[in-house]
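Participant: what follows is a predicted protein model with its sequence.
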Amino acid sequence: MMPKLVSTNETPFQSRAGSGRRSLSPRQLKCRRGEAVPINNKNMKMRPALPHPLLALFVSFLPLALAAAEPADALSKLDNIQRIVFLGDSITYAGLYVESVEAYYFSRFPNRNLEFINLGLPSETVSGLTEEGHAGGQFPRPDLHERLGRVLEKTKPDLVVACYGMNDGIYLPFSEERFQKFQDGIQRLHERVTAAGAKIIHVTPPTFDEVKGGHPGYGNALDRYSDWLLAQRAAGWDVVDLHGPMNRYLAERRQQDPAFFLAGDGVHCNVTGHWIIAKQMLLHLGAKDVANIDNPAAMLAGYPPGPQLLVLIQHQQRVLRNAWLADVGHQRPGMDKGLPLAEATAKAAAIEKEIRQLAAPFPGKHSQWEGFDRYDFEVGGQPAIIVAPKQALPGKPWAWRGEFFGAFPNADIALLGKGFHLAYLGVPNLFGSPEAVTQWNGFYQELTGQYGFAKKVALIGLSRGGLYCYNWAAANPDKVACLYADAAVCDFKSWPGGKLKGLGKGNGSAPEWQNLLKAYNFKSDAEAIAYEKNPIDNLRPLANAHLPLLHVYGDADDVVPWDENTGVLAERYRQLGGSITLIAKPGIGHHPHGLTDPTPIVEFILKHTATNP
């Protein structure tokens with residue numbers, strides 16, 4: 001006996017659009033009618049318990065690398081958005097896709113204040129329809145509109161994300177009457193949310209799998225509901241197409257494996273199904289870096305605290321979800337009331353603090369530098385600085401300042417704007433000595449191992465910073481993508497030696513010469529003068545690694561004379577078969593460093609980091 005149509009919506013609205021029919025494609029027919037073996041459905045629960053299946057998937061796929069085609073622009077649709085409320089049925093209530101979306105934003109934008117509230121309610125419809133005898137006759141399906149006013153009043157959202165349709169045709173073949181009820185309910189939802197001053201994103205319904213769930217013809221009904229929602233884009237509605245991509249994914253996978261499924265009962269998505277929902281939402285919001293990602297594990301693989309972050313987000317969502325539902329009120333029996341909202345909010349705030357500490361990309365003091373997030377902390381007992389781009393390029397390329405952080409920074413700022421991280425380790429008065437190289441080794445291991453930075457770095461050596469960059473590069477040529485030196489010291493006999501020690505035409509510096517002797521543990525001037533590992537003397541490792549060099553210098557520099565440093569180095573490097581580009585600044589002394597327009601420097605670094613990931 002077929003279920004009887006019963007309406008629980010007392011104030012239906014008139015539809016503003018026609019129905020429109022389309023037939024199933026051969027691929028969709030295969031999806032819905034393909035053979036499938038019976039599969040135990042014990043894990044397809046409405047309310048997954050911790051440990052969460054999403055976490056299990058994360059751990060099993062943790063070795064996968066993050067595959068990103070281009071930087072994310074996932075804040076483009078969230079300007080002036082702080083509180084996001086998710087509305088939907090049991091699929092939304094289960095929360096896996098909501099948690100994946102939240103984890104994405106916390107991992108990429110830890111300093112952005114976004115609040116995610118899950119107010120999905122199992123069994124709910126937007127159409128106001130229910131089956132006679134629903135839930136064994138225990139209760140009719142709840143109607144969103146019974147509680148929507150309270151939801152908007154109590155949560156005061158900036159954005160509502162609404163995913164309805166799965167229950168709205170009450171699992172019967174398509175009919176114009178039920179379709180009209182769905183349209184009326186969606187239209188009313190849209191009007192009430194926008195009247196409350198919030199934005200709304202509609203999401204087309206997930207796929208209904210007739211192979212697993214029965215109810216022949218219901219998949220086609222949801223196809224029509226989805227088509228109608230997508231057509232509302234012409235009226236300026238913001239609509240995520242979930243239904244189409246999920247249909248295609250299921251059909252393609254079932255073609256390869258007839259036993260494959262996304263929902264064991266045809267309705268309630270498993271972990272993969274929830275990831276498809278999250279991915280389509282993120283792509284719609286501008287998160288282009290998830291385009292080639294196949295699971296939440298890969299989404300978070302480039303973010304070392306990913307598993308712990310996900311656990312905390314899950315915990316926080318479960319603390320708040322039932323508390324919010326109970327506080328708003330609803331007509332769905334059998335729901336856990338959770339904690340009182342005030343108590344749940346306090347508990348969630350403590351979890352939020354843990355989340356933000358964990359999600360922070362770096363430890364230490366957070367501040368702003370030239371409009372970018374700066375982090376000051378220690379590595380190996382030495383002060384370290386990391387400046388993060390608004391959105392890192394895939395692979396996390398980075399530039400490493402040898403000395404004088406913040407001096408003449410236009411190239412640094414331009415690189416940050418391109419998606420590079422900027423790094424600095426404060427080891428002053430070591431002049432690139434073996435101890436400095438050891439300290440740099442530790443910093444490199446920390447950034448590449450703990451924080452996922454690219455294995456090859458672009459080095460930036462200004463003045464004496466050249467000693468640090470060249471000496472570390474000679475010891476680690478396989479870890480360097482390129483080296484940009486500016487008015488660089490390439491031979492400490494020239495500076496701080498110079499005229500002072502009869503070693504060059506620059507004035508030199510007596511105090512710095514003494515500091516240099518101490519840094520290198522030289523017992524005498526003679527020992528320092530005989531040293532054979534100044535940059536100009538130790539270029540073969542760089543040439544063998546085909547390391548590209550760029551030198552910018554003033555031809556009137558009387559502090560670090562270019563011909564005793566850059567000139568000698570360039571000649572010797574070319575003799576070894578190395579590639580070096582020289583940019584002279586006529587009539588310019590040691591200062592200012594850099595170029596008024598840093599484009600040639602930035603393009604050099606971009607070119608060589610692209611070919612040396």
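Facilitator: Happy to help now that I have it.
Participant: next SSE after the helix or strand containing residue 284?
Facilitator: In this assignment (DSSP states H and E), residue 284 forms part of helix 271-285. Where DSSP H and E defines the elements, the next helix or strand beyond helix 271-285 is helix 296-300.
Participant: CA atoms only for that following helix, dumped as CSV, please.
Facilitator: What follows is helix 296-300, C-alpha atoms only, in CSV (Å, rounded to 0.1, in the frame of the first residue of the first chain):
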residue,chain,number,x,y,z
PRO,A,296,39.1,15.2,4.2
ALA,A,297,42.4,13.6,4.9
ALA,A,298,44.0,15.1,1.8
MET,A,299,42.3,18.4,2.6
LEU,A,300,44.1,18.6,5.9
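Participant: name the helices or strands packed onto that helix?
Facilitator: helix 53-60, helix 96-108, helix 271-285, helix 306-328 (3 or more Cβ pairs under 8 Å, 6 or more residues apart in numbering; DSSP states H and E). From N, CA and C alone the C-beta is placed, and that goes for glycine too.
Participant: what about residue 82, distance to residue 256?
Facilitator: Counting by Cβ to Cβ, to the nearest Å, the gap from residue 82 to residue 256 is 43 Å.
Participant: one more: residue 206?
Facilitator: Taking Cβ to Cβ, one finds residue 206 at 21 Å from residue 256.
Participant: please say which of those two ends up with more neighbours.
Facilitator: A direct count of neighbours by other Cβ atoms under 10 Å for residue 206 and residue 256 places residue 206 higher, at 30 against 7.
Participant: quick one, strands of the stretch 451-600 of the chain?
Facilitator: 457-462, 480-486, 549-554, 580-585 (DSSP state E, counting those that start in this stretch).
Participant: reformat the ones you listed as a markdown table; add distance to residue 334.
Facilitator: Listed next are those as a markdown table, based on distance: least, Cβ to Cβ, whole Å:
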| stretch | distance to residue 334 |
| --- | --- |
| strand 457-462 | 57 |
| strand 480-486 | 59 |
| strand 549-554 | 68 |
| strand 580-585 | 72 |
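Participant: residue 343: neighbour count?
Facilitator: For residue 343, using other Cβ under 10 Å, the count is 12.
Participant: actually residue 552, not the one I typed
Facilitator: Residues near residue 552, counting by other Cβ under 10 Å: 26.
Participant: quick check: it touching residue 596?
Facilitator: No: the criterion here is Cβ atoms under 8 Å, and residue 552 misses it with residue 596 at 11.3 Å.
Participant: give me phi/psi at the most far-flung residue of the chain relative to its centre?
Facilitator: In terms of distance from the mean C-alpha position of the chain, residue 502 ranks first, at 55.6 Å (Cα atoms, centre = their mean). Dihedral angles of residue 502 (phi, psi; degrees, to the nearest 10) stand at phi 70, psi 30.
Participant: and for residue 163?
Facilitator: phi -120, psi 100.
Participant: what do you get for residue 136?
Facilitator: Per degrees, to the nearest 10, the backbone of residue 136 is at phi 70, psi 20.
Participant: one more: residue 370?
Facilitator: According to degrees, to the nearest 10, residue 370 has phi 50, psi 40.
Participant: and the helix holding residue 284, how far out from the chain middle?
Facilitator: Relative to its chain's centre, helix 271-285 lies at 14 Å (Cα atoms, centre = their mean, to the nearest Å).
Participant: same thing with stretch 584-599?
Facilitator: 37 Å.
Participant: also stretch 381-395?
Facilitator: 14 Å.
Participant: ends of that stretch, what's the gap?
Facilitator: Distance between the two ends of stretch 381-395: 27 Å, counting by Cα to Cα, to the nearest Å.
Participant: stretch 320-338 too?
Facilitator: 8 Å.
Participant: average pLDDT across that stretch?
Facilitator: Stretch 320-338 shows a mean pLDDT of 96 in the predicted model.
Participant: give me the contact list for it.
Facilitator: Contacts with stretch 320-338, where a contact means Cβ atoms under 8 Å, 6 or more residues apart in numbering, come from 93, 95, 117-119, 121-124, 138-139, 142-143, 146-147, 150-151, 154-155, 319, 339-341, 343-345, 348.
Participant: are any of those buried, and which?
Facilitator: Using 16 or more other Cβ atoms under 10 Å as the burial test, the contacts of stretch 320-338 include 93, 95, 117-119, 121-124, 142-143, 146-147, 151, 154-155, 319, 339, 341, 344-345, 348 as buried.
Participant: narrow the residues you listed to those in strands?
Facilitator: 117, 118 (DSSP state E).
Participant: out of the buried ones among the contacts of stretch 320-338, name the ones that lie in helices.
Facilitator: 93, 146, 147, 151, 154, 155, 319, 341, 344, 345, 348 (DSSP state H).
Participant: nearest residue to the second one other than its sequence neighbours?
Facilitator: Spatial nearest neighbour of residue 146, excluding adjacent residues (Cβ to Cβ, 6 or more residues apart in numbering): residue 331 at 5.9 Å.
Participant: on the three-state scheme, residue 384 is what?
Facilitator: Secondary structure state of residue 384, per DSSP: H, G, I helix; E, B strand; the rest coil, is strand.
Participant: who does it bridge with?
Facilitator: Note on residue 384: beta-bridge partners by DSSP bridges are residue 377, residue 425.
Participant: per-residue pLDDT, it?
Facilitator: At residue 384, pLDDT is 98.
Participant: swap in residue 37?
Facilitator: For residue 37, the model assigns a pLDDT of 27.
Participant: ok, residue 451 touching residue 361?
Facilitator: Yes: counting by Cβ under 8 Å, residue 451 touches residue 361, with 7.1 Å between them.
Participant: neighbour-wise, which of these two wins?
Facilitator: residue 361 (21 against 17).
Participant: what mean pLDDT does stretch 536-547 get?
Facilitator: 98.
Participant: CA atoms only: put it into CSV for me.
Facilitator: Output of stretch 536-547 as CSV, limited to C-alpha atoms (Å, rounded to 0.1, in the frame of the first residue of the first chain):
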residue,chain,number,x,y,z
ILE,A,536,83.9,33.2,-3.4
ASP,A,537,86.0,30.2,-2.6
ASN,A,538,83.2,27.6,-2.1
LEU,A,539,81.0,27.8,-5.2
ARG,A,540,81.4,24.3,-6.6
PRO,A,541,78.6,22.7,-4.6
LEU,A,542,76.3,25.4,-5.9
ALA,A,543,77.4,25.0,-9.5
ASN,A,544,77.1,21.3,-9.3
ALA,A,545,73.5,21.7,-8.1
HIS,A,546,72.8,24.2,-11.0
LEU,A,547,71.7,26.8,-8.4
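Participant: what residues of that stretch count as buried?
Facilitator: Of the residues in stretch 536-547, those buried (16+ other Cβ under 10 Å) are 536, 538, 539, 541, 542, 543, 545, 547.
Participant: quick check: the farthest pair among those residues?
Facilitator: 536 and 545 (17.3 Å; Cβ to Cβ).
Participant: so residue 308 touches residue 357, yeah?
Facilitator: No: the criterion here is Cβ under 8 Å, and residue 308 misses it with residue 357 at 10.4 Å.
Participant: can you count the residues close to the residue nearest to residue 146?
Facilitator: Using other Cβ under 10 Å: residue 331 sits among 15 other residues.
Participant: what of residue 510?
Facilitator: Neighbourhood size, residue 510 [other Cβ under 10 Å]: 11.
Participant: OK, contacts around it?
Facilitator: 496, 500.
Participant: repeat that for 7 Å
Facilitator: residue 500 (Cβ atoms under 7 Å, 6 or more residues apart in numbering).
Participant: then residue 308?
Facilitator: Contacts of residue 308 by Cβ under 7 Å, 6+ apart are residue 358.
Participant: and what of residue 282?
Facilitator: Per Cβ under 7 Å, 6+ apart, neighbours of residue 282: 74, 101, 104, 290.
Participant: ok, residue 588 to residue 594 distance?
Facilitator: For residue 588 relative to residue 594 (Cβ to Cβ), the value is 11 Å.
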